[in-house]
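In: missing the sequence, but the structure's below:
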């Protein structure tokens with residue numbers, strides 16, 4: 001029997017008592033004792049309610065090293081990214097790798113692989129595959145139903161997946177940016193119960209009133225949390241905290257704990273905060289995550305106080321896994337790497353765009369958001385070909401299939417502010433083809449070739465200078481420690497910023513420019529896509 005003393009924060013009973021907890025792998029007793037000397041605070045461990053671990057660019061076992069240091073004992077995760085590259089084998093790879101960490105990782109069955117029929121992915125997750133993943137207890141819930149247009153239109157395969165989830169009594173996660181009114185009601189009535197794509201209070205409140213649980217997202221590319229956090233005061237039982245996509249440089253510096261600190265500094269009620277950070281996820285998903293109640297799993301953290309909220313101890317199933325940021329219980333094994341890659345050789349001439357119109361559609365980046373806008377304008381010409389214009393911040397963007405022989409899709413984009421060179425990456429939501437943006441065709445072609453030579457990764461090229469981050473696991477993740485990956489990522493990001501980019505995370509932003517389920521205008525491997533109309537559109541206006 002182990003014991004710990006201090007100020008015990010009971011999020012279920014809405015009280016803080018001075019006392020003692022006795023525990024094995026379960027909480028055995030909670031006893032009030034005013035004579036206890038410790039002023040430390042004992043709280044339930046934090047939970048990330050929705051995350052794609054692949055976006056950390058680290059294997060689950062490596063990602064968890066820093067999550068545990070930040071007091072995050074559990075994450076509800078969607079292996080959607082690797083599934084788009086490697087299918088069911090990719091999902092099983094993530095689950096198997098996670099068995100080497102004490103962190104509680106709950107993997108959903110990816111519901112939309114590919115995310116749309118308008119792009120090329122490396123694999124398909126069918127309703128039959130969903131049945132397999134649930135029947136064999138590989139997955140714990142149905143991950144975000146991004147294909148809300150298909151759901152609303154009565155797509156047979158989409159509804160088969162929903163039916164299978166209901167058959168196995170699985171929670172169905174949602175993804176419905178800007179969906180409102182009758183269409184939203186239909187989406188909710190299909191069985192979808194959460195959404196992490198709200199970008200304003202009115203949208204979130206409408207969804208909450210229907211019955212949705214709203215996940216407040218603070219990701220490396222989209223900080224909707226800074227707009228939505230007031231919901232915690234008005235609807236504390238209906239919100240959860242999540243990151244969705246967290247790059248390694250952000251992960252090593254802070255996680256859900258930083259969101260909690262922010263809310264504490266804003267003067268929010270500690271119990272409302274902890275509902276969003278712990279209780280609501282446990283209740284909604286019914287997963288084995290302890291809340292310091294008798295017979296709960298002994299999952300908890302110790303912090304110095306409720307102002308600084310510095311994590312001093314992390315315990316999972318009664319085992320101390322991290323003490324003063326030093327990992328105690330941890331097992332790391334080398335995994336057999338998994339990938340799928342076809343090389344479409346490309347040259348400068350493949351990227352030329354001949355002038356055919358006066359005005360052209362341009363993707364307009366919205367800073368700190370996954371949304372984009374559309375505008376049209378005349379573009380610069382060079383020998384009758386349309387080229388990037390750094391003075392107007394109009395750059396060429398290219399998406400190239402990485403799974404089969406194909407020609408590149410080409411568009412133009414504003415918002416990167418890169419003045420020299422080009423960047424390219426295979427982290428390109430959701431199908432993870434190669435996406436590149438740059439000043440000149442020769443640099444774009446070179447950046448794409450460098451990524452192909454690595455068979456996945458990120459690269460910045462400028463003339464003869466090349467800076468790279470290899471991602472050999474599905475072109476999405478490194479097998480190196482997270483802090484090492486973070487240093488490499490920071491180095492390459494700094495080079496892009498030195499080239500003029502003002503974006504907080506230029507590679508993360510680029511990775512979402514091919515995401516065809518988030519409005520307004522995106523570029524997939526098959527062409528320019530109008531998300532609002534859910535159809536291809538012409539580059540020429």
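Out: Nice, thanks for sending it over. Note that this is a predicted model, so its numbers are computed, not measured. Numbers count the residues shown, from 1 in each chain.
In: For the rest of this, base every contact and every neighbour count on C-alpha atoms.
Out: Will do.
In: low pLDDT regions in the stretch 201-350 of the chain?
Out: Applying pLDDT under 70 to the stretch 201-350 of the chain picks out residues 329-334.
In: All the strands of it, residue numbers only.
Out: With DSSP state E, counting those that start in this stretch as the criterion, the stretch 201-350 of the chain has strands at 213-217, 239-242, 300-303, 311-316, 319-323, 326-327.
In: Contacts for the last one, please.
Out: Strand 326-327 is contacted from outside by 65, 69, 321, using Cα atoms under 8 Å, 6 or more residues apart in numbering.
In: buried subset of these?
Out: For these, a burial check counting by 16 or more other Cα atoms under 10 Å picks out 65, 69, 321.
In: what's the closest of the residues you listed to residue 496?
Out: Taking Cα to Cα as the measure, residue 65 is the one of these closest to residue 496, at 28.0 Å.
In: and that closest one, helix, strand or coil?
Out: Per DSSP: H, G, I helix; E, B strand; the rest coil, the secondary structure class of residue 65 is helix.
In: got it, and residue 444?
Out: helix.
In: List the residues that contact it.
Out: Contacts for residue 444 (Cα under 8 Å, 6+ apart) come out as 348, 421, 422, 423, 424, 436, 437, 438.
In: Which of the residues you listed fall in strands?
Out: Those of those mapping onto strands are 422, 423, 424, 436, 437, 438, per DSSP state E.
In: per-residue confidence averaged over the strand or helix carrying residue 128?
Out: Counting by DSSP states H and E, the element that carries residue 128 is helix 127-135. In this model, helix 127-135 has a mean pLDDT of 98.
In: For that helix, buried residues please.
Out: 127, 129, 130, 131, 133, 134.
In: Does the fifth one touch residue 109 like I think?
Out: Yep, that's residue 133 we're talking about. Yes - if you go by Cα atoms under 8 Å, residue 133 and residue 109 touch, sitting 6.7 Å apart.
In: Overlap in contacts, these two.
Out: With Cα under 8 Å, 6+ apart, residue 133 and residue 109 have common neighbours residue 139.
In: hang on, the earlier thing: can you redo the strands of the stretch 201-350 of the chain as CSV with distance to residue 167?
Out: Output for the strands of the stretch 201-350 of the chain, formatted as CSV (distance: least, Cα to Cα, whole Å):
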stretch, distance to residue 167
strand 213-217, 21
strand 239-242, 26
strand 300-303, 33
strand 311-316, 31
strand 319-323, 35
strand 326-327, 40
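In: Measure how far stretch 345-365 is from the centre of its chain, please.
Out: Counting by Cα atoms, centre = their mean, to the nearest Å, stretch 345-365 is centred 30 Å from the centre of its parent chain.
In: List the neighbours of that stretch that are in contact with it.
Out: Outside stretch 345-365, the residues within contact range by Cα under 8 Å, 6+ apart are 371-379, 381, 384-387, 398, 407-408, 410-416, 441-442, 444-446, 448-449, 521-522, 538-541.
In: Just the buried residues of it, please?
Out: 346, 347, 351, 355, 360, 361, 362, 363, 364, 365.
In: Format those residues as a markdown table; extra columns: distance to residue 255.
Out: Formatted as a markdown table, the buried residues of stretch 345-365 follow (distance: Cα to Cα, whole Å):
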| residue | distance to residue 255 |
| --- | --- |
| 346 | 39 |
| 347 | 41 |
| 351 | 40 |
| 355 | 47 |
| 360 | 41 |
| 361 | 37 |
| 362 | 34 |
| 363 | 31 |
| 364 | 29 |
| 365 | 25 |
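In: Show me the contact partners of stretch 88-106.
Out: By Cα under 8 Å, 6+ apart, the surrounding residues in contact with stretch 88-106 are 59-61, 64, 68, 73-77, 79-80, 82-83, 107, 109, 125, 129, 138-140, 289, 316, 321, 329-333, 335, 338.
In: what about burial for the residues you listed, which qualify?
Out: Using 16+ other Cα under 10 Å as the burial test, the contacts of stretch 88-106 include 59-61, 64, 68, 73-77, 79-80, 82-83, 107, 109, 125, 129, 138-140, 289, 316, 321 as buried.
In: Now name the helix or strand holding residue 161.
Out: Going by DSSP H and E, residue 161 is in helix 156-167.
In: Can you list the strands that the helix or strand that that helix is followed by pairs with?
Out: Tracing the chain past helix 156-167, the next element assigned as helix or strand by DSSP H and E is strand 172-174. Neighbouring strands of strand 172-174 in its sheet, by DSSP bridges, are strand 141-145 (parallel).
In: Now do the strand it pairs with against helix 127-135, angle only.
Out: Counting by axes from the mean of the first three to the mean of the last three Cα atoms, to 10 degrees, strand 141-145 points 140 degrees away from the direction of helix 127-135.
In: angle of strand 141-145 against helix 156-167?
Out: Going by the same axes, to 10 degrees, strand 141-145 is angled at 150 degrees with respect to helix 156-167.
In: Can you list the buried residues in whichever helix or strand comes after strand 141-145?
Out: Note on strand 141-145: by DSSP H and E, the next helix or strand toward the C-terminus is helix 148-152. Neighbour counts using 16+ other Cα under 10 Å place 148, 149, 151 of helix 148-152 among the buried residues.
In: Could you do stretch 370-379 as well?
Out: Residues 370, 371, 372, 374, 379 are the ones in stretch 370-379 that count as buried (16+ other Cα under 10 Å).
In: picking up where we left off before, show me the contacts of stretch 88-106 that map onto helices.
Out: 60, 61, 64, 68, 80, 82, 83, 129 (DSSP state H).
In: So which residues of the stretch 401-541 of the chain form helices?
Out: Secondary structure of the stretch 401-541 of the chain (DSSP state H, counting those that start in this stretch): helices located at 441-454, 482-498, 506-511.
In: Please apply the same query to the stretch 151-300 of the chain.
Out: According to DSSP H, counting those that start in this stretch, the helices that the stretch 151-300 of the chain contains are 156-167, 181-189, 201-210, 225-228, 231-234, 248-253, 256-265, 270-274, 280-285.
In: Please work out which of those helices is packed deepest.
Out: Highest mean neighbour count of the helices of the stretch 151-300 of the chain: helix 270-274, a mean of 21 (counted as mean count of other Cα atoms under 10 Å).
In: Contacts made by that helix with the rest, please.
Out: Contacts with helix 270-274, where a contact means Cα under 8 Å, 6+ apart, come from 11, 14, 232, 233, 236, 237, 260, 263, 264.
In: okay but the first one is in contact with residue 277, surely?
Out: No - between residue 11 and residue 277 there is no contact, the gap being 10.4 Å when judged by Cα under 8 Å.
In: With neighbour numbers in mind, choose between those two.
Out: Taking neighbours as other Cα atoms under 10 Å, residue 11 and residue 277 compare with residue 277 leading, 26 against 21.
In: Contact partners for the spatially closest residue to residue 291 that is not a sequence neighbour?
Out: Ranked by Cα to Cα, 6 or more residues apart in numbering and with sequence neighbours excluded, the top spatial neighbour of residue 291 is residue 44, at 5.0 Å. Under the criterion of Cα under 8 Å, 6+ apart, the neighbours of residue 44 are 9, 11, 278, 290, 291, 292, 299, 300, 301.
In: now residue 44: how far from residue 311?
Out: Using Cα to Cα, to the nearest Å, one gets 12 Å for the distance from residue 44 to residue 311.
In: related to what we said a few turns ago, greatest separation within the ones in helices among the contacts of stretch 88-106: which pair is it?
Out: Distance extremes for the ones in helices among the contacts of stretch 88-106: the farthest pair is 68 and 129 at 31.6 Å, using Cα to Cα.
In: ok, the spatially most central residue of the chain to residue 388 distance?
Out: For the chain, residue 245 is the residue whose C-alpha lies nearest the centre (Cα atoms, centre = their mean; 2.3 Å). Separation of residue 245 from residue 388 (Cα to Cα) stands at 29 Å.
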